[in-house]
Structure formats: structure tokens, C-alpha cells
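> give the three-dimensional model of this entry:
(one chain, ligands or ions: 2)
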Amino acid sequence: MARGPAKRLLYLYSCKQNYLSGVRNCLSTRFLHHSQPSKSQIYPFPFPHVPKKLQLPPPHFTQLTKFCIFLDFHGHSLCTLSENEKPVLKSTESIQCKADHEDMICNPETETIVSEDERLNFAKIAERDPLEIYKELKDTLKAEKQSRSDWDALNEIFRCFSRSGWASNQALAVYIGSSFFPTAAHKFCSFFLKRCKTDLVKYLASLGPGQEAEKFLFPIFVEFCMEEFPDEIKRFRKMVESADMTKPHTWFPFARAMKRKIIYHCGPTNSGKTYNALQRFMEAKKGVYCSPLRLLAMEVFDKVNALGVYCSLLTGQEKKDFPFSNHVACTVEMVSTDELYDVAVIDEIQMMADPCRGYAWTRALLGLKADEIHLCGDPSVLNVVRKICSDTGDELVEQHYERFKPLVVEAKTFLGDLKKVRSGDCIVAFSRREIFEVKLAIEKYTNHRCCVIYGALPPETRRQQAALFNDQDNEFDVLVASDAVGMGLNLNIRRIVFYNLAKYNGDKMVPVPASQVKQIAGRAGRRGSRYPDGLTTTLHLEDLDYLIECLKKPFDDVKRVGLFPFFEQVELFAGQLPDMKFSKLLEKFGENCRLDGSYFLCQHLHIKKIANMLERIQGLSLEDRFNFCFAPVNIRDPKAMYHLLRFASSYAQKLPVNIAMGMPKCSARNDSELLDLETRHQVLSMYLWLSNHFEEERFPYVKKAETMATDIAQLLAESLIKANWKPESRNAGKSKPQEKEDGYERPMSLIKLREGKRHERSENAEQLEKVTA
Ligand SMILES: Nc1ncnc2c1ncn2[C@@H]1O[C@H](COP(=O)(O)OP(=O)(O)OP(=O)(O)O)[C@@H](O)[C@H]1O
Ligand SMILES: [Mg+2]
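Ligands and ions are numbered 1, 2, ... in the order given. Okay, the predicted model is just below:
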């Protein structure tokens, strides 16, 4: 350990307080190690036990009730010493020790100051082989007597060591788990204290609590653990190895054995990425298209079949096998990594970075056995894809795209007035409640009729609404939608109007991320549509700046993409922790898995919540539990959760799983009936999903479920056409928009609140601002 000469020394007036020596050692060590300490090196000092308010700022003397510390913060030292000099107080007037404390103050002359000999000795100790120190400790029968202050310092050092995040983290590298680390550290402490020699103690005391002492102790600790806890280490090692996710490209040996060519169609929305990839897909002898949504898979399935290329459809819920087809359109989660393809398309590849679903895209990219893989997406994951391709050895070709026509921002906005809505507008709101409020207001105060698209609607209903909106020959000329329109759908939208630019993230309202704003705004003015020139604006003037900011913002450069273990990995991991409950097992896996810098473990809160609910069901295998956890269910909908529990119980009891749900007779007459239809459809969808993921014979009512689902989708479509009721408020606490006599007003812009500093825009700023999305 390099040491500078002790030109300046901290002089410390101390008392016999237990913690004082620790404090002193911290200070003196830092000071001794730097001949000319800079302010940042010595301030703030770590006074772990001294109340903050008593830690006076420099350059004052700090007088505490129990002891006095005299510090030199600015180079104007209280005691300036050259090497080997003894400390001499320059000024004593400032020492305001109260009489009642004087008896506790040591004579400075007797205080230990590190001598040159001692420092040389310390340097030797610092260089010693940890194994040798460990052996010496082991062979020592009794600790040597130490001074009170050194003893206290040592205790403090070990207290810090056993709580050290650094040490606990380092210990993982030698397979000492974080839950076992405190126990191991505690045992190491007793071992050390019972055997330590004075020179070692003095050296540690000179380092004081903190990382230096930890770095010195750690290798000795490792030697101790290797000998004392071989079984724990072995067990933990096996567990960690079974949760090793550091080389995901090695998981797919067959794909690695292939010479794959990856073509990255990289560009903004509406630039022809998917179109070009699909051309290659259709030309291929055998192809697969991986979609981010069921809806888009259905769209490609229809489009490709209409063009004369036989194509099947595979989603979690449906399998439509087209006879003699060599092409398949599927959702990305369903793609097979066993099948061989000539061409594969992975659409919306930037979803690799999605915190929950990202793993499905990563798996497809790593595992697909295709000679040619076309990735379509924005540039945010381009760098990660480059890195992955260099790991896999695949050839990467980049094709960059520009938007067909720039997106134009209308600077005048709606100025809060929904009556400004025009044919071909799509109003985007981020909650179901707002969607219905907007629809209600537009239909009440204008002659326009609205179609709606939001996530809770079945894909069939969303498609039906999209078709209704795209079709010229009806009165439905306005679309009100959630961010569910953001991906891939080709709609005849002239203008995207953001009702607001904040959404609920499950906890609080947050601004909509720029990437999502771009994606949604990009729905306006698609090539080949009735409105090839896209416009976008906001309802409120206050949101406009944020919209422009988002559209101008360059794409993020994503550093890490999602991963999730396969069942086989979880099973292997479970082997190390027998009898552990499944939800706990997942938690443990998350704690112990190792990832390299290009990956993160996808969030599994949703999975854990289902795992918890299913915990009390007996008779489910680990694999059953794992599969049930991926069932598509809205975990915030108690009715849907109840049905999932019921399905799992019947399955566990080896009974045929019943739908046990009635069919409504007519379309919804109010919002609660509409909500009920949505939930029923989701339950049926879940039944169909389960039937495709478990033995089919255990789910004998698939046909019935399909019929019911189609009928409910139809009822939902009918309900939406006549829906003119106020939405049910699921969140009583949320502020509601107020209606004015002559119109409709939305609540205050959240973006405005967030960006209070933004300057006011003049109302007559009517010039159009061109921004390329
Ligand atoms: N070369 C082309 N000839 C005819 N139509 C095209 C061509 N390229 C693209 N299009 C049409 O332009 C529209 C937008 O193209 P596409 O869906 O491929 O864009 P994208 O870049 O994938 O957009 P997004 O990011 O929104 O998915 C589609 O309707 C598509 O059919
Ligand atoms: Mg696309």
C-alpha cells in the first residue's frame, strides 16, 4: 500500500468514548495517507456516530460534548508536523473543553501517533500473504492484550465489515451468498478477535473502519470461509451456476451451428421497414413472421394469404393451420426455435428492451434457426444487436430508412376544445376512462362518431373498430384510442391529437416516454392510406412543447436487453433449493442469477403474483406452476384472477377444466356491463391459452370457448357502436374532467405542471413546424 510522508497530521484530542478510536483512526488514516490532502479527500469526514449537526463545517474547531477534535481543513494547520515530530498544538485558546469533560480527555502527549518504525511495519503487514496471516491466526491460541482504543477500533472495523456491501458483493465471487455473508462475517470476527496479534490490530486500527480495512481483511476472510464453510460454498456455487445467464448465446447450439445473416431494417415509423421485410418473407420457401401483438399477427396472416402465399397463424390463443402452408405468422412468444426456416422476420425489435416482455425478442434473435433473419425497428437497440451478432458470429447487414413523409406538428393545437375535431383524427388518451369521456364529449358536441381502440378489447373487436374507422362509407370518422394503436397497425389517420401526454404507471402519473410518443404520432399519414401527409398536435397548448421535444429527441441507445430463464433453468435451480415455494424460488433466482452487461432479467412481478395465488393449490408440478404463471391475465382484475385460480385447481385435481361462465344475452347497456364483457372475453382467452399450453384433453371445452369468445367480441363491437354512457370510475381518487355548459374541458395538463419553467406560447403561433419523427 503506497504511503506518502506524513507532512501534516491531524491532532486529535480524545476521550475514552468507545467509538472515538474508530473516528480517530478514520481521520488519522486518511490524513496520513495523503501528504497534501485536498479538501475533497478529507471532507466530509466519516463520523459514523457523531450527529450531523455537530459536524461543523471547516475551518472551525469541532467541539463535541464528549470529546474535541481539532482539524486542519485548509492547510492552516493546528499542528504542523514533519515526519517524526510530535504533535504540538498551535493554539490552545480555542479549546473550549468544559470542566465536566476534562477528566475524559487524554493527555495529547500520551496519544499514539504513528511513528516511522510503525509505518514501516504497517507496510510489511499490508504486503503479507493473506493465507499466511490466516494460518498464523489459526495457530494462535490466545489473542494478545490490546489497548482499549485499539480494541474498540477493531470492533468497529468488524462491525463495518459485516455490513459492507462491497465485501458482501465480493464474497459472491467466491460463492458466499449474500444471505450467508453476515453469518460468515460474524464467525470470522470472533475467530479473529480471539487470536489477533498486536501488530495486526495496530495496523487495522491505523486503517480504521472502511474499505481499506475491508480490502485487507477480505482475502483472510476468504481463506477462513474456504476452510470453515466448504459445504455452504459448494451448495451456493451449484445454485449460482444453475442460475448462470451470462452467456445466453450458448443456449442455442443449433442456431450457433448455422451461418445466419441478420438484416436490421432500422428507421423511424412509417418508413417501410416491415413492408420490405415481408417481401423477403413472402419470397422465401419457408418463413416465419414474429409479431409483437396478436392483432398484427392476424393482419399479416390475412394480408399474406390475400396475396396468395399460404400462411398459418399461431398465437397463444389460436392455431389456424392453413393446409400446405410453409409460412406462419405468430406472436413472438410463440415462435419455435426448433423449426428450420429460410427467412424469419422479427418485428418491433426495439421491444427487446421492454422490461417485462423483452426476453421473447431476445430469445427469438438468439435462437431462431433461419438462414436470414430480418429485424424491423427503431435504432435504439442497434448497438446491442451489433454486440449480440459479434457474440453469436452471425453476419449483420444494416439497412437504414427515412420516413416516407415528414410528420408535421400543428402548432395551434385544439386549445382545449374537442369541438375542433375533424374527420380522420385520432385522439389518443392513456386510460379507458378518458377514452370514453372523449368519445362521449365528441359525440355530444359534434356530428362526428367515434370508434375506440384500447388494450382491454379483444383483438377481433379492435380490428373491427379499425375497419369501421378506415371505411369511408359510414359515419365513424374519428378514432379515440389508447397507446394500443402505437404498434404497427395501418390506420387511415390524418392527425394524431394527444389528449394528454401523461399516463398512470401503476403507481403515479408520469410523462409518456418520448419513444412511445414518436411511435404513436407515427400512426398519422401512412403511405398508401387516404392521408399520406401526417399531422400531429395536442389538445392543450401547454402539452405542445413536450410533444415537439419528444419528436425531436434522438432515439435512446439501449445498453441492455431482457432475458428470462426457460423452465429447464428454473428446474435446475430448484434442484439446489428443494422444498422452496415457487414464488420464493423465482425471487431467489432473481437474486442469484448472473448476467453480462448486455442483459437484464425481465421483471416478473406479474408472474410472482400468480405464483403466490397458486401456492396453496396442491398437486401442481413445478412445470405446471411455471406455465400457469405466463397465462394472459390481468392481475388487477379479481374476477379474472379468480377464474385462473379455479382453472388451476381443477387442473391440479385432474378434473376436466370447465369454463363455468355464462354467456350474456345482449350487448352492454352501461359501462359496468361493458367492463363485464371485457373480463369475460379475457377469461375465455385465458382458457384458450391454457388449452394450447397444457394437454388439450384437460381442457375439453375449447370449441365452446372459441364460440363464446367470438360471440362476446361481437357483443362488444355492438356495445361500442352505441356506447354513450359515462365510464365507470375504477380509481375514485383520480380527478375528473369538468364539463362546461358549452363544451368540454379536460383536467389541467400534467406536463404543464411538470414543466412549470416552460415559456408561454402565443396563441397566434399558427405556423406549422416540421419535425421528422
Ligand atoms: N415500397 C412500398 N410500396 C408500397 N407500399 C409501401 C411500400 N413501403 C411501405 N409501404 C406501405 O407504407 C405503410 C408503412 O410501411 P411499414 O408498415 O412497412 O412501415 P414501418 O416502417 O414498418 O412502420 P412502423 O414502425 O410503424 O411499423 C404500409 O401501409 C406499407 O404497406
Ligand atoms: Mg412496422
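> could you give the backbone dihedrals for whatever residue of the stretch 101-250 of the chain ends up closest to ligand 1?
Here the stretch 101-250 of the chain gets closest to ligand 1 at one residue, residue 248, 26.3 Å apart by Cβ to the nearest ligand atom. Just so you know, the C-beta spots here come from the backbone N, C-alpha and C atoms, and that holds for glycine as well. For residue 248, the backbone dihedrals are phi -60, psi -20 (criterion: degrees, to the nearest 10).
> can you check residue 492 too?
phi -80, psi 70.
> in contact with it, which residues?
424, 469, 470, 526, 529, 530, 531 (Cβ atoms under 8 Å, 6 or more residues apart in numbering).
> ok but residue 661 is inside a helix, no?
No - Residue 661: not assigned to a helix; according to DSSP: H, G, I helix; E, B strand; the rest coil it is coil.
> report the contact partners of it.
643, 680, 683, 684, 708.
> filter those residues down to the ones in helices?
Using DSSP state H, the subset of the contacts of residue 661 located in helices is 643, 680, 683, 684, 708.
> export those residues to CSV and tack on distance to residue 608 and pLDDT?
Formatted as CSV, the ones in helices among the contacts of residue 661 follow (distance: Cβ to Cβ, whole Å; pLDDT from 0 to 100):
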residue, distance to residue 608, pLDDT
643, 19, 96
680, 26, 96
683, 21, 96
684, 25, 97
708, 30, 96
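> mind checking which of these are buried?
Burial by neighbour count, judged by 16 or more other Cβ atoms under 10 Å, picks out 643, 680, 683, 684, 708 from the ones in helices among the contacts of residue 661.
> out of these, who's nearest residue 587?
residue 643 (25.7 Å; Cβ to Cβ).
> average pLDDT for the host helix or strand of residue 279, rounded please.
According to DSSP states H and E, residue 279 maps onto helix 273-283. Here helix 273-283 scores 97 as its mean pLDDT.
> off-centre distance for the next helix or strand after that helix?
Following helix 273-283 in sequence order, the next helix or strand is strand 287-291 (DSSP H and E). Chain-centre distance of strand 287-291: 27 Å, with Cα atoms, centre = their mean, to the nearest Å.
> just the CA trace of the following helix or strand past strand 287-291, in PDB.
Following strand 287-291 in sequence order, the next helix or strand is helix 294-306 (DSSP H and E). This file holds the C-alpha atoms of helix 294-306, laid out as PDB (Å, rounded to 0.1, in the frame of the first residue of the first chain):
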ATOM      1  CA  ARG A 294     -51.900 -10.900 -31.800                       C
ATOM      2  CA  LEU A 295     -53.600  -8.200 -33.800                       C
ATOM      3  CA  LEU A 296     -50.600  -7.600 -36.100                       C
ATOM      4  CA  ALA A 297     -50.000 -11.400 -36.500                       C
ATOM      5  CA  MET A 298     -53.600 -11.600 -37.700                       C
ATOM      6  CA  GLU A 299     -53.100  -8.700 -40.000                       C
ATOM      7  CA  VAL A 300     -50.000 -10.300 -41.600                       C
ATOM      8  CA  PHE A 301     -51.800 -13.600 -41.800                       C
ATOM      9  CA  ASP A 302     -54.700 -12.000 -43.700                       C
ATOM     10  CA  LYS A 303     -52.500  -9.900 -45.900                       C
ATOM     11  CA  VAL A 304     -50.100 -12.600 -46.900                       C
ATOM     12  CA  ASN A 305     -52.900 -15.100 -47.600                       C
ATOM     13  CA  ALA A 306     -54.700 -12.500 -49.700                       C
END
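> which parts of this protein sit against ligand 1?
267, 269-275, 376, 488, 490, 522, 526-528 (Cβ under 6 Å from any ligand atom).
> mind checking which of the residues you listed land in strands?
Counting by DSSP state E, those place residue 376 in strands.
> and which of the residues of the chain next to ligand 1 is nearest ligand 2?
residue 274 (3.2 Å; Cβ to the ion).
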